[in-house]
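Chemist: Okay, sequence plus prediction incoming.
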Amino acid sequence: MTSNKTNAGRFFEDYAVGDVIRHAVPRTLSGGERALYHALYPARHALYSSDQFAQSCGLRGSPIDDMIVFHTVFGKTVPDISLNAVANLGYAEARFLKPVWPGDTLRSTSEVIGVKQNSNGRTGVVWVLTRGLNQHDDVVLEYVRWVMVRKNNLDAPVPHAVIPELSDVVPVSELNVPEGLDFSAYDTELAGEAHRLGDYAVGEIIDHVDGVTVEEAEHMLATRLWQNTAKVHFDATNRPDGKRLIYGGHVISMARALSFNGLANAQIIAGINSGAHANPCFAGDTIRAWSEVLETAQTAVPGVGAIRLRLVATKGDAGILRGDDGKYAPDVLLDLDYWALMPT
Amino acid sequence: MTSNKTNAGRFFEDYAVGDVIRHAVPRTLSGGERALYHALYPARHALYSSDQFAQSCGLRGSPIDDMIVFHTVFGKTVPDISLNAVANLGYAEARFLKPVWPGDTLRSTSEVIGVKQNSNGRTGVVWVLTRGLNQHDDVVLEYVRWVMVRKNNLDAPVPHAVIPELSDVVPVSELNVPEGLDFSAYDTELAGEAHRLGDYAVGEIIDHVDGVTVEEAEHMLATRLWQNTAKVHFDATNRPDGKRLIYGGHVISMARALSFNGLANAQIIAGINSGAHANPCFAGDTIRAWSEVLETAQTAVPGVGAIRLRLVATKGDAGILRGDDGKYAPDVLLDLDYWALMPT
Amino acid sequence: MTSNKTNAGRFFEDYAVGDVIRHAVPRTLSGGERALYHALYPARHALYSSDQFAQSCGLRGSPIDDMIVFHTVFGKTVPDISLNAVANLGYAEARFLKPVWPGDTLRSTSEVIGVKQNSNGRTGVVWVLTRGLNQHDDVVLEYVRWVMVRKNNLDAPVPHAVIPELSDVVPVSELNVPEGLDFSAYDTELAGEAHRLGDYAVGEIIDHVDGVTVEEAEHMLATRLWQNTAKVHFDATNRPDGKRLIYGGHVISMARALSFNGLANAQIIAGINSGAHANPCFAGDTIRAWSEVLETAQTAVPGVGAIRLRLVATKGDAGILRGDDGKYAPDVLLDLDYWALMPT
C-alpha cells in the first residue's frame, strides 16, 4: 500500500494572486547558529561577533546576523515556493525591519503578488512577498522574490497576468535603523578599519583580496542549517559528476563575509535592492568577491549612514562582469545590490 | 619507558552478569548541539525546532532531540562496551523516559544482563541494559543492546550462558508521554503536514523521496559530537581505500530526518523496538529512506497517539529489503522498528 | 576607481619595540563554540564537557576549553602579526590566567617586545607578547610568539636588535590555579581514568593509540571559527595540488584531544612552555599523538598537581622525533611542551 503523504510541492497553477501561505517549521535561533555561522563563513563584522561591541553601539547585545535571518526565513519557503521551481529569478525590496536576538523564534509567510504564464504554456513566473516574523508576530524581514515554476496540468486555465511594480532600489527613507543604534562611541580599531561613510566615493571598487575554496560538506552543512531541503543541494545522484548545486545564499554569505576586508564598518544589512545568481557554484570553486560603491546617504538617525553596494562574487579572478552579449561572464556567481548601515 | 595507561577496552571475559559500569565523561547539552544537529541532518520536526511550537504542545520549551539524547548516551558506552566489539548485533526495549532540556547534563551506566560464549571459543555475545541519567539522576533513556566481543585470554573459563528475555515490541502502555504534552492546540500547518494518526493505515508504505549523499567530514563531525571515539570511524589507514566506516547512529538520524517528508507529525520518538545495521555505510553513499506503518494505538493521554514504524534506510534505490536467502539486500543500511507519538 | 581600503598587513619595518597593537573584532563565546569544539576534535576531558563535573571540582560551571581561548585570542592577532609572516617560529611563556565562561567576550592585544633584522636584509624576526582580555579587562591568557616577517621597503633602516630573554619553562609557582579549584571530591570513574599525578613517572611515554584523518572541510570550519582568516588555509589556488595548509593550532587541538587516552586527568592546560610546528599538515594526513612526562610538581593549592608534558603529533607512525641531522623527522607535525593541572 503506497502512501501519497509526501509533499509534491506546488505547481504554477496552484498559485493565485492574494493567496497567503503560512510556511511550516518555526525555528528558535541561539548562540549555536551564530557559532556555526562563524565556522561556515569568514564573518568578522564586530557587531555580530561581540555583545560588548554591540552594546557600545546602543543595542542590548549582539543580534543574530542579518544573513542568518535571511537564510532562516528563506529556507522555510522552499517546500511551498521553489520545490518545482525551474529558476530563482530575482529578489527585490528586501528590508530588515527588526533585529533578531538569540532565543527568538522565526516563521515565514508568503503572499502571492504576481503570476504570469510563459508563452510556452509549460511554465510561469510567480512573485511572492515573503515575510519573516518573530514570536511576537513582528515582521523582522520582508522581501519580494520571483521564481519560474513548472505547470503540472498543462490544461489548467491561463491566469490573468499580474506583474507587480517593484522598486529598483529601496529608498533610504524606508530602511530600518535598529532602535537605539548609536554610533557616537564607535570604536574603529575594534571594528577593524578606520574608513567611515565619508571615506567611500561613489564608483569606488574594492577588491576583497581573499578566496575561499568550497567543499561539499560545508555547503551542505550550511544549507541544512537553514532547513532548506531542496534536493539539488544534497543528492549527488542528480548529476553524472556527483556534484551538488550550491545554495545561492551560501555564495551571498561567503561574499558578504569576504567583504569585511575593505568594508569592515558596513555593519548592518538594511535592505537588498536586487540580486542575481549569475552562474551555478559547485564544490571546488574558489569564491572571491569585489564591491562597488553605488551610493552613500544619511539616514534619519544622526551618525548612521547608509552605503549602497554592489557585491559581486566570482569563481576565479573574473575581472569582466558581462560579456559583449550582455550576459554575465561565466565566472560570475553573484551580483547583489544592497544597503548597509555604516558610521558617518 | 612505555606507559600502559591507555584504555585497552574490555574483552568478553571481563563482563559478568550483574556488573554495573559507570561510563565516563558526563556531558552538558545546549543550543550548540541542537544547532549542529540541524546542520548535520535535514531535521525539521517542529517540536525540536521551535520553543514556541513546543510550548503550544504543553512543554516548557523545545526539548533536546531524542536522537541527540540517544547518541550522547550511546557514545559514552563505546570505550567500555564496544571498543573490542566485532559487531553491534541489535537493540531492544529502548524507552525515552523523560525530556532532556538545554543545560541538562547526561551520563550513562550499563548493567550486564547476559553473556554467552560462542562455540568458536574466540568470541562471545554480551547484553547490556544501558541507562542515560540527567543531573537529577532521573533515567531519561534506557535500552538493551547486544554486541559480539572478542575474547582476549582464550583460556578464560566459559561463563554460564545467560540470555535475557527481550520483548519484540515495547507495549504501548510502557511508552512515556512527556509530562504536560497536549496536542489539543496542535497546528498542522506549522508542523508541515495535515496527516494525523487516524490518517495512517497499517501496511502503508511511505517513500520519503529525498536522498542525501554523505561526506567523510560530516559523519566524523557528527560522531565526534557524541564523543564516540571508535577508531573505525576516524582513521583512514584502517582500510586500503581510505574510507571510514560510518557510525550506525548517523544513518539512523539521517533516515529519521528524511522521514519528515510524509511523517512530519511523528514528533517524538518514544521507544525503539529493534534495530539492525544491515550493511555498512561509507562516504559517497546516498542515503534514502522509506517507512512502513506497523501499528497505530492510543496512549493513556487523550489526543496523543502512538504510531509504530519500520524505518528503512538504503543507499541507492533498493526496493527489495531481503534477498531469497532471507538476508538483507546489499543496498539496505538500516532496519529500525520504533514508536513515535503523534496527534490523533 | 580602485580602492586601497583593504588590509595589506604589517611588514617588518612597521614594528617597533614598545608598540601595543589592539587587535580587532572582539568575540563573545557561548555553548555554540563548545559544541563545535566537540564536533571538530575528539575532546573528552570531563571538566570541559560537564557543568556538573566542573561544579564537583569547585568551579561555577564548565569553563570554555583552554584551547578555544587560545585559538580565539590567537585568531585576532593574525591580520596584524602574521599576514605577511614567512614562518611562525615559536611560542613561549604562555599562561592561562583566568577561566573563560560561556557569555564572556574576548579581545586581544599584542606588545612588540623584540625585533631583529635577518642578515639577508629582506626579512626579520618580530617577538610579541599577546594578551587575551575578557569584558572586565582581566587578562585571561598571555603568551610570547615570534614570527619571521617580510620587509616591504628594503631601504627602511635596520632597527636596533632587541631579543627578549624568555624562560625555557614557566615556573610552577607562576602557573595559575583557577579560583576555587578543589580536586578533593574528584571522581576518577567519571573522568575516565584512575591515574593521578603520582602514577606518572618522569620519562614515561604514552602512545595515545588513536588516529584521525583530517578533511579539508573540517580544518577550514575550525580555523574560520576562530576568525583566523590567513589565506593559506582556505584558498586552494595557492598550491598546484589544491591542498590548503592546515592551521597549526588545529593540530595542537587534535593532539591534545587524542591525549585524553592515557591523560584523561590532565584536565586544565595551565601553561605552554614552547611549541614548534615541525612540518606542515594537509588534508588526508592521519594525525596521531604521543606524550612524554617531563616533570611533575605540586602547586600551591593542596590536591592540585602540575604535570609537564611533551606532546608530539605525527602523521603516520613516526617513532623517530629527529633525524641524525637534528632536524625533525618528516612525519612529525608538532612538538609542544606544556603544563597541565591534575589531581594528586
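Modeler: Nice, I can see it.

Chemist: what does the stretch 101-250 of chain A put close to chain B?
Modeler: A:102-103, A:105, A:107, A:135, A:215-218, A:220-222, A:224-225, A:227, A:229, A:231, A:234-237, A:242, A:244 (CB under 8 Å from any CB of the partner chain). (Each C-beta comes from the backbone N, C-alpha and C, glycine too.)

Chemist: ranges for the strands of the stretch 51-200 of chain A?
Modeler: Ranges of strands in the stretch 51-200 of chain A, per DSSP state E, counting those that start in this stretch, are A:85-96, A:105-117, A:123-133, A:139-150.

Chemist: Next up, the contacts around the residue in the stretch 51-200 of chain A positioned nearest to chain B.
Modeler: Using CB to the nearest CB, the closest approach of the stretch 51-200 of chain A to chain B is made by residue A:105 at 4.6 Å. Counting by CB atoms under 8 Å, 6 or more residues apart in numbering or on different chains, residue A:105 touches A:26, A:27, A:28, A:29, A:134, A:135, B:50, B:51, B:52, B:53.

Chemist: Kindly recompute the last result at 6 Å.
Modeler: Each residue near residue A:105 by CB atoms under 6 Å, 6 or more residues apart in numbering or on different chains is listed here: A:26, A:28, A:135, B:50, B:51, B:52.

Chemist: In helices, which of the residues you listed appear?
Modeler: B:51, B:52 (DSSP state H).

Chemist: Dump the contacts of residue A:105 to CSV, plus pLDDT.
Modeler: Conversion of the contacts of residue A:105 to CSV gives the following (pLDDT from 0 to 100):
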residue, pLDDT
A:26, 98
A:28, 98
A:135, 98
B:50, 98
B:51, 98
B:52, 98
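
Chemist: Most neighbours out of the contacts of residue A:105, which is it?
Modeler: Per-residue neighbour counts (other CB atoms under 10 Å in any protein chain shown) across the contacts of residue A:105 peak at residue A:26, which has 26 neighbours.

Chemist: ok, residue A:119 - how many residues close by?
Modeler: Around residue A:119 there are 7 residues (other CB under 10 Å).

Chemist: er, residue A:108 actually
Modeler: 25.

Chemist: what separates residue A:148 from chain C, distance-wise?
Modeler: Distance, residue A:148 to chain C, by CB to the nearest CB, to the nearest Å: 32 Å.

Chemist: so that residue makes contact with residue A:84?
Modeler: No - taking contacts as CB atoms under 6 Å, residue A:148 lies outside contact range of residue A:84: 9.9 Å.

Chemist: The residue of the stretch 51-200 of chain A closest to chain B and residue B:196: what is the separation?
Modeler: Per CB to CB, to the nearest Å, residue A:105 is found 24 Å from residue B:196.

Chemist: Just want the residue of the stretch 1-150 of chain A that's nearest chain B.
Modeler: residue A:32 (2.7 Å).

Chemist: and the gap between that residue and chain C?
Modeler: On the measure of CB to the nearest CB, residue A:32 and chain C end up 4 Å apart.

Chemist: Tell me how many other residues crowd the closest residue to that residue other than its chain neighbours.
Modeler: Nearest residue to residue A:32 in three dimensions, chain neighbours excluded: residue B:35, at 2.7 Å (CB to CB, 6 or more residues apart in numbering or on different chains). Look at residue B:35: counted by other CB under 10 Å, it has 24 neighbours.

Chemist: ok, residue B:35 touching residue A:36?
Modeler: Yes - Residue B:35 is in contact with residue A:36 according to CB under 6 Å; the separation is 5.4 Å.

Chemist: need the helices for chain A, in chain order.
Modeler: A:31-40, A:51-56, A:66-81, A:188-191, A:216-225, A:248-258, A:260-263.

Chemist: Taking their axis directions, the worst-scoring helix or strand of chain A on mean pLDDT and strand A:139-150 sit at what angle?
Modeler: Counting by mean pLDDT, DSSP states H and E, chain A has its least confident helix or strand at strand A:85-96, which shows a mean of 92. Angle between the axes of strand A:85-96 and strand A:139-150 is 160 degrees (criterion: axes from the mean of the first three to the mean of the last three CA atoms, to 10 degrees).

Chemist: This completes my enquiry, with thanks.
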